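J.: What shape does this take:
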Amino acid sequence: MTNDPVLDPLELKKSIREQAHANRKAQEDKDGLSQSICQKFAALPEFAKAKTVLVYLDVRTEVRTARRATGFRQTKELGEWIWDHQVAVFATDTFAVEVLPVDEDSEFRQSAPEDNGMMHQELIAKLGVVLGELWNLGELVEDSVRTDQWDAMCVIKPLNLVGGVGSPPNATALR
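T.: Numbers count the residues shown, from 1 in each chain. Got it, this is the predicted structure:
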């Protein structure tokens, strides 16, 4: 039996992510290095044989820092439309449901001053809408176009984690 301390997996993950970001920031030729890595990866025989290739680019820090993202403009009209159409889940395949920076004329600046006019609180707390971001909606849209059916029952099972708000869910559309 060893006396090694038990590592908290969440703290370990956070530490690894922070170190990776620090290493990335310290690199002198980030773009050149990234291009070189991609070229080497694309030259692998396994890459050429693969039917599907998943590429993960972690741009969260850059997007958060720049506070720029595509999304829906903050308007009460959008909330009314969601309510009138009984939308339970409002999900996008983009980084953010809401456009960033927040629209200058956001109608939520009074009700959400701590969030600089974002409408998340209005949609989640007041309307009870589940928000989803970075969802893979391609196959669902293709099926909707093919069948001309644009509604589905959405079942979402989040990861069973204490404090797992915002955890990657396993969302499934059933027809």
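J.: nearest spatial neighbour of residue 95, skipping sequence neighbours?
T.: residue 69 (4.6 Å; CB to CB, 6 or more residues apart in numbering). In short, each C-beta sits where N, CA and C put it, glycine included.
J.: Am I right that residue 37 falls within a helix?
T.: Yes. Looking at residue 37 with DSSP: H, G, I helix; E, B strand; the rest coil, it is inside a helix.
J.: which ones are touching the closest residue in space to residue 121 that isn't next to it in sequence?
T.: Of all residues not flanking residue 121 in the chain, residue 112 sits nearest, at 5.3 Å (CB to CB, 6+ apart). Residue 112 makes contact with 118-122, according to CB atoms under 8 Å, 6 or more residues apart in numbering.
J.: all strands for this protein, in order.
T.: Ranges of strands within the chain are 89-91, 130-132, 153-157, 170-174, based on DSSP state E.
J.: how's the protein carved up into domains?
T.: Following automatic domain parsing, the chain resolves into domains at 9-58, 76-174.
J.: Please point out the stretch among the ones you listed with the lowest average pLDDT.
T.: Mean pLDDT values for these show the minimum at domain 9-58, a mean of 76.
J.: Enumerate the positions of stretch 89-101 that are buried.
T.: The neighbour-count check on stretch 89-101 (16 or more other CB atoms under 10 Å) flags 89-92, 94-100 as buried.
J.: on that earlier part again, out of the domains of the chain, deepest packed?
T.: Highest mean neighbour count among those (mean count of other CB atoms under 10 Å): domain 76-174, with a mean of 14.
J.: what's the spacing between residue 11 and residue 128?
T.: Using CB to CB, to the nearest Å, residue 11 is found at 33 Å from residue 128.
J.: How about residue 171?
T.: 17 Å.
J.: Then residue 120?
T.: 13 Å.
J.: before we move on, what about residue 25?
T.: Counting by CB to CB - residue 25 and residue 128 are separated by 40 Å.
J.: Verify the contact between residue 127 and residue 82 for me.
T.: Yes. With contact defined as CB atoms under 8 Å, residue 127 and residue 82 form a contacting pair (6.4 Å).
J.: could you say what helices and strands the longest helix seen in the chain packs with?
T.: What stands out as the longest helix in the chain, according to DSSP state H, is helix 9-26. Packed against helix 9-26, as judged by 3 or more CB pairs under 8 Å, 6 or more residues apart in numbering; DSSP states H and E, are no other helices or strands.
J.: now it, how far from the chain's geometric center?
T.: 19 Å (CA atoms, centre = their mean, to the nearest Å).
J.: Just the C-alpha atoms of it, please, in CSV.
T.: The C-alpha coordinates for helix 9-26 follow below in CSV (Å, rounded to 0.1, in the frame of the first residue of the first chain):
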residue,chain,number,x,y,z
PRO,A,9,-9.9,14.1,-11.1
LEU,A,10,-11.5,17.5,-11.7
GLU,A,11,-8.5,19.3,-10.2
LEU,A,12,-6.2,17.2,-12.3
LYS,A,13,-8.1,17.9,-15.5
LYS,A,14,-8.1,21.6,-14.6
SER,A,15,-4.4,21.5,-14.0
ILE,A,16,-3.7,19.7,-17.3
ARG,A,17,-5.8,22.2,-19.2
GLU,A,18,-4.2,25.2,-17.6
GLN,A,19,-0.7,23.8,-18.3
ALA,A,20,-1.7,23.0,-22.0
HIS,A,21,-3.0,26.6,-22.4
ALA,A,22,0.2,28.0,-20.8
ASN,A,23,2.4,25.9,-23.1
ARG,A,24,0.4,27.0,-26.1
LYS,A,25,0.7,30.7,-25.2
ALA,A,26,4.5,30.3,-24.7
